[in-house]
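Visitor: show me the folded form of this:
(one chain, ligands or ions: 2)
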Amino acid sequence: MSHILEVRHVTKKFGGLIANSDISFNVNENEILSVIGPNGAGKSTLFKMISSFLPTTTGEVLFKGERISNLKPHVVARKGVVRTFQETTIFKSMTVRESIIVAQHLRARASLAGYFWGTRTAHEDVDSFGQYADDLIEFLGMTEIGNEQASNLPQGNLRALGIAIGLATDPKVLLLDEPFAGMNHDETMKMVNLVRKVRDDRGVTVLLVEHDMPAVMNISDRIVVLNFGEMIAEGVPAEIQNNERVIEAYLGSADDEIGI
Ligand SMILES: Nc1ncnc2c1ncn2[C@@H]1O[C@H](COP(=O)(O)OP(=O)(O)OP(=O)(O)O)[C@@H](O)[C@H]1O
Ligand SMILES: [Mg+2]
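Guide: Numbering: from 1, shown residues only. Ligands and ions are numbered 1, 2, ... in the order given. Reported below is the predicted structural model:
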């Protein structure tokens, strides 16, 4: 089996605080892998290093065998590893369709200046961007809200827009930090199905951080568990649910129980 991502001995220190300590694991192409752990365990920090928003202190991350850690985030995004943001604030004044088009633009060959001055490349891009945005909107089942302003969208749709923006540049690996946060059961199940569809139909490998344990157990092929910056377990959902170190980590924290 080919590893699309390799996290190798990654450590992150913030001054004296060790947010990630010697983390190593591989991600298989086309899998959905979740990173779980109590608050402050280092999950978001790890995602920021995989997407190069933060440099590693030591260790490296490989994408298809090539080092992607400690590069610029947009370089890594262009290679195909994209992290979504919880807040899509900058796009709120635009429609769903416009947001996806701008997201493509931010990483496109034509500069924004070219876009406004109407160079030929920019025009070609705009046409193909519009087409791609429409395809993506249809794929994500957002046709009815394609022309809605993002600021008017309910939470569930806004989260789906976050995924659409992440998919705007056709990534190979998508990192989702708490995609189900604040959602009720029905909204969560819809998102679970959407994430699975992204993997199944578009061949995107998905890494996600989540606290919603039933959703994690449902959606994940494998799970990596962090606690106080250390990786304490790795396995399929059934293994993780029965892992003593994992149960102890959750019971010993102020966080929700693992829910099993
Ligand atoms: N930029 C930073 N500077 C200093 N410390 C940081 C920084 N970012 C994170 N930390 C610390 O690193 C540790 C890990 O934080 P991180 O956000 O990765 O945890 P998390 O597992 O995502 O938690 P949560 O489940 O609450 O989102 C925490 O102690 C946090 O305070
Ligand atoms: Mg976090």
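Visitor: can we go C-alpha only for contacts and neighbour counts from here?
Guide: Fine.
Visitor: could you list the low-pLDDT ranges of the stretch 151-260 of the chain?
Guide: Along the stretch 151-260 of the chain, segments meeting pLDDT under 70 span 253-260.
Visitor: contacting residues for Phe129?
Guide: If a contact means CA atoms under 8 Å, 6 or more residues apart in numbering, then Phe129 has 101, 104-105 as its contacts.
Visitor: in helices, which of those appear?
Guide: Of the positions in the contacts of Phe129, 101, 104-105 sit in helices, assigned by DSSP state H.
Visitor: of the contacts of Phe129, closest to Ile4?
Guide: Nearest to Ile4 among these: Gln104, at 23.1 Å, using CA to CA.
Visitor: and the pLDDT at the closest one?
Guide: Per-residue pLDDT puts Gln104 at 85.
Visitor: same question for Phe85.
Guide: Looking at Phe85, its pLDDT reads 70.
Visitor: which stretches of the stretch 1-150 of the chain form helices?
Guide: Ranges of helices in the stretch 1-150 of the chain, per DSSP state H, counting those that start in this stretch, are 43-50, 73-79, 96-105, 112-117, 120-139.
Visitor: would you single out the least confident of these?
Guide: The weakest mean pLDDT among the helices of the stretch 1-150 of the chain belongs to helix 112-117, with a mean of 54.
Visitor: any idea how far the nearest residue to Gly166 once chain neighbours are set aside is from ligand 1?
Guide: Of all residues not flanking Gly166 in the chain, Thr84 sits nearest, at 5.4 Å (CA to CA, 6 or more residues apart in numbering). Going from Thr84 to ligand 1 by CA to the nearest ligand atom, to the nearest Å gives 14 Å.
Visitor: kindly report the same for Phe53.
Guide: When distance is defined by CA to the nearest ligand atom, Phe53 is 11 Å away from ligand 1.
Visitor: need the pLDDT of that residue.
Guide: 95.
Visitor: hang on, the earlier thing: for ligand 1, which of the helices of the stretch 1-150 of the chain is the nearest?
Guide: Shortest separation from ligand 1 across those is recorded for helix 43-50, at 3.7 Å, computed as CA to the nearest ligand atom.
Visitor: touching that closest one from outside, list them.
Guide: 7, 12, 19-20, 35-37, 54-56, 61, 68-70, 83, 175, 177, 209, 226.
Visitor: CSV for the helices of the stretch 1-150 of the chain, including distance to Asn242?
Guide: As requested, the helices of the stretch 1-150 of the chain are exported to CSV (distance: least, CA to CA, whole Å):
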stretch, distance to Asn242
helix 43-50, 21
helix 73-79, 36
helix 96-105, 41
helix 112-117, 52
helix 120-139, 37
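Visitor: this completes my enquiry, with thanks.
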